[in-house]
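> Predicted structure and sequence below. I'll ask about it afterward.
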Amino acid sequence: MNRHVLFLIAAMLLVGSNVGIGKSVVVVVPVLLFALLRFIVAVAVLSPLYRPAKMRRVSRGEWINLFLQAFFGTFLFTLLMLGGVQRTSAVAAGVITSTIPAIVALLAWVVLKERPGPRAIAAIVFAIVGVIVVTLARESGETGSGSFIGNLMVLGAVFCESTYVILSRRLTQTLSPIDICAYTHGFGLLLMLPFGIVSLIGFDFATVPLHMWALVVWYALSASIFSFWLWMKGIRHVPGQLAGVFTAVLPVAAATYGIAFLGERPTAAHGIALACVVAGVAIASMRPRNVPPVAS
């Protein structure tokens, strides 16, 4: 196992654990305030990248694309994901989030007219089955309607993140990934500011334990920078098809956090759903067989 594979695994471990961390934080910090703080921390760290001379070279069309990416991939994604994990289990949210590769393939089919191959279609079908199973299952420790709504919100976050991926395909040809990350988080902060300020008014910061503030900072850095850097570092040296396999680490990390720190207990339905999603990702990530040339 080379270090680039370890980068991909580490990235998915961070993304998966963030599902549970987010659930821990929203117990004591309002979702809107947490979302605002996430962007403030991220933008503060990424601030050296906001150089006017370089930003002036970004075209109007690229700025429009960046705004759309920020709206779906950072602003809406953050609100839906944090609101979703507040209502459902980390285990269920992790399983649903791991369907991102299949949803990306589905959106590419619908939006970009990129006809998927048999393996991609199989991945989409397995992902849909997995989401249905985990959504219809009763969540331990959660009310039935609450977990159902939470699962739908997480699924909405998955579609938002997948839309971000689709929109970024063309933009990565002209802008570096880290610049895209910085600019989209800048837009995300501007979008979140009016909502976050409302939740900020009257909030008693003294009621939040110090370790929870540490989790807020870690979540912001991990979600916005660390996982992004690790994934980009690894994907440069690992074939895209093979890299998809490592997204299966995400639900495992989310489930582990939920069991270890939140007292959650996975059900048989979670196991079935996870097996479906992992099977779909594995099938889609298989290397195509070398077809011998036809003799003339």
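Cool, the structure landed. Numbering: from 1, shown residues only.
> remind me, longest helix of the protein?
helix 144-171 (DSSP state H).
> Which strands and helices lie in contact with that helix?
helix 60-69, helix 77-87, helix 90-97, helix 100-111, helix 118-136, helix 177-200 (3 or more C-beta pairs under 8 Å, 6 or more residues apart in numbering; DSSP states H and E). No exception for glycine: its C-beta is placed from N, CA and C like everyone else's.
> Output these in a markdown table; the columns should cover distance to residue 34.
Below are those laid out as a markdown table (distance: least, C-beta to C-beta, whole Å):
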| stretch | distance to residue 34 |
| --- | --- |
| helix 60-69 | 21 |
| helix 77-87 | 6 |
| helix 90-97 | 15 |
| helix 100-111 | 22 |
| helix 118-136 | 24 |
| helix 177-200 | 9 |
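> mean confidence for the longest helix of the chain?
Averaged across helix 144-171, pLDDT comes to 87.
> how big is the angle separating that helix from helix 60-69?
Angle, helix 144-171 to helix 60-69, by axes from the mean of the first three to the mean of the last three C-alpha atoms, to 10 degrees: 160 degrees.
> Now helix 144-171: buried residues?
147-148, 150-168, 171 (16 or more other C-beta atoms under 10 Å).
> again, but for stretch 229-249
230-235, 238, 243-249.
> Next: stretch 108-124.
108, 116, 119, 120, 121, 122, 123, 124.
> so which of the helices and strands packed on helix 144-171 comes closest to residue 272?
Evaluated with C-beta to C-beta, the helices and strands packed on helix 144-171 place helix 118-136 nearest to residue 272, the distance being 5.3 Å.
> For residue 58, give its distance to residue 190.
As defined by C-beta to C-beta, to the nearest Å, residue 58 lies at a distance of 16 Å from residue 190.
> and if you look at residue 213?
Distance from residue 213 to residue 190, by C-beta to C-beta: 24 Å.
> so which pair among the buried residues of stretch 108-124 is furthest apart in space?
Going by C-beta to C-beta, the pair spanning the buried residues of stretch 108-124 furthest: 108 and 122, at 15.4 Å.
> Same question for stretch 15-32: list its buried residues.
Neighbour-count burial for stretch 15-32 [16+ other C-beta under 10 Å]: 15-26, 29-32.
> Return the subset of those lying in helices.
15-25, 31-32.
> CSV for those residues, including distance to residue 76?
Listed next are these as CSV, based on distance: C-beta to C-beta, whole Å:
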residue, distance to residue 76
15, 17
16, 21
17, 22
18, 17
19, 17
20, 21
21, 20
22, 15
23, 19
24, 22
25, 19
31, 13
32, 13
